[in-house]
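Undergrad: I'll drop the sequence and a predicted model, then ask my questions.
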Amino acid sequence: MVFGITGNTGKDLIWEPVGRLISHLNQPGRAFRVDDAICPSLVERGLLDGALASRVSTDALGSDADVILSFGGDGTLLNTAHQVGALETPILGVNLGRLGFLASLEQTQLEFAIDQMEAGNYRVEERMTLSAKAGDVHLPDTWALNEFVIQRPGDASLLEIDVSVNGVLLNTYWADGLIMATPTGSTAYNLAAGGPIVVPMSQAIVMTPIAAHTLTVRPLVLPGSVTIEASIPAGGPFVFTSDGRGTTIEDGRVQIEVQRGTHTVNLVQLEGQHFFQTLRTKLMWGARKT
């Protein structure tokens, strides 16, 4: 098994556990590759020998590794997922952030995790993605693991958003924006906006308005097989984001079409790891007040 290593170089916490992991992997019978974006800093800090760096550095981590360890928070793992793309290389997120719903492995478990994966004591969860297109308008990111968001630009007034599902008009939303999330993304922006938590292996799309100006409007869970069409009939500009990366679309009348993506993002789960356990731990469910 070839282990890939990448991470968020903006976090000072990354270097000690990555250096420790490299020492653990730099043994006979083990193989690893390191994202060339972090190699220079590892060499500079004395955590990776220069000669070794030239052999293990790669700019194609998704194709050169069997499993990728992504050091950072959930945002780092999202970046790694977009780096891997349709290759679907399994990813294990090592949490250096706060909540860590995606990056669920704590850095103290690194050596144990390597041993477990080498022994085959892990499973791979195939997480559904979403794809989007906007007529002839170019979108920098056409797929998302967490969510797509239509939102107002800057301090502009609220948006009027027409939404149809499978060609049938659903609603006209008056809101600051609209979230279309996967089950994986249900614990991200969707959760902050008051949307429901959906078990990751469900095949569903969650649609949640942001600060809706109609009190009767509520989040909606749709089958993963539907096609959602959204547009701004007034024609004003809006920001369209994919997993937090946004682009401004000037003509709001352009129809955004969202449906299930054509590939999955594969996340490694060790034996004993479960989404319900993550919920209890991260959201402190069942914690008693003292």
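TA: Received it, and whenever you're ready, just let me know what you need.
Undergrad: and the chain, what are its domain boundaries?
TA: Annotated domains of the chain cover 2-127+264-282, 130-260 [automatic domain parsing].
Undergrad: turn those into CSV, columns for mean neighbour count and mean pLDDT.
TA: Any C-beta I mention is one placed from the backbone N, CA and C, and that applies to glycine too. Formatted as CSV, the entries for the domains of the chain read as follows, by neighbours: other Cβ atoms under 10 Å; pLDDT from 0 to 100:
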stretch, mean neighbour count, mean pLDDT
domain 2-127+264-282, 18, 93
domain 130-260, 18, 95
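Undergrad: for residue 288, which of those domains is the nearest?
TA: Nearest to residue 288 among those is domain 2-127+264-282; the distance by Cβ to Cβ comes to 12.6 Å.
Undergrad: that closest one spans what distance, first to last residue?
TA: Taking Cα to Cα, to the nearest Å, domain 2-127+264-282 runs 30 Å from one end to the other.
Undergrad: re the thing from before, export the domains of the chain to CSV and tack on distance to residue 288?
TA: Below are the domains of the chain laid out as CSV (distance: least, Cβ to Cβ, whole Å):
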stretch, distance to residue 288
domain 2-127+264-282, 13
domain 130-260, 22
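Undergrad: strands of the stretch 151-290 of the chain, residue ranges please.
TA: Along the stretch 151-290 of the chain, the stretches classed as strands by DSSP state E, counting those that start in this stretch are 159-165, 168-175, 177-181, 204-210, 220-223, 228-231, 238-242, 245-249, 256-260, 265-270.
Undergrad: for residue 129, find the nearest of these.
TA: That would be, of the strands of the stretch 151-290 of the chain and by Cβ to Cβ, strand 265-270, which comes in at 6.1 Å.
Undergrad: need the residues that contact that closest one.
TA: Strand 265-270 is contacted from outside by 67, 81, 84, 88-93, 102, 105, 109, 113, 116-117, 121-127, 129, 145, 184, using Cβ atoms under 8 Å, 6 or more residues apart in numbering.
Undergrad: run the chain-centre distance for it.
TA: Relative to its parent chain, strand 265-270 has a centroid offset of 12 Å by Cα atoms, centre = their mean, to the nearest Å.
Undergrad: could you dump that strand to PDB, C-alpha only?
TA: The C-alpha trace of strand 265-270 is given here as PDB (Å, rounded to 0.1, in the frame of the first residue of the first chain):
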ATOM      1  CA  VAL A 265     -15.500  10.900  -2.900                       C
ATOM      2  CA  ASN A 266     -14.200   7.900  -1.000                       C
ATOM      3  CA  LEU A 267     -13.400   8.400   2.700                       C
ATOM      4  CA  VAL A 268     -11.500   5.900   4.800                       C
ATOM      5  CA  GLN A 269     -13.100   4.800   8.000                       C
ATOM      6  CA  LEU A 270     -11.200   2.600  10.500                       C
END
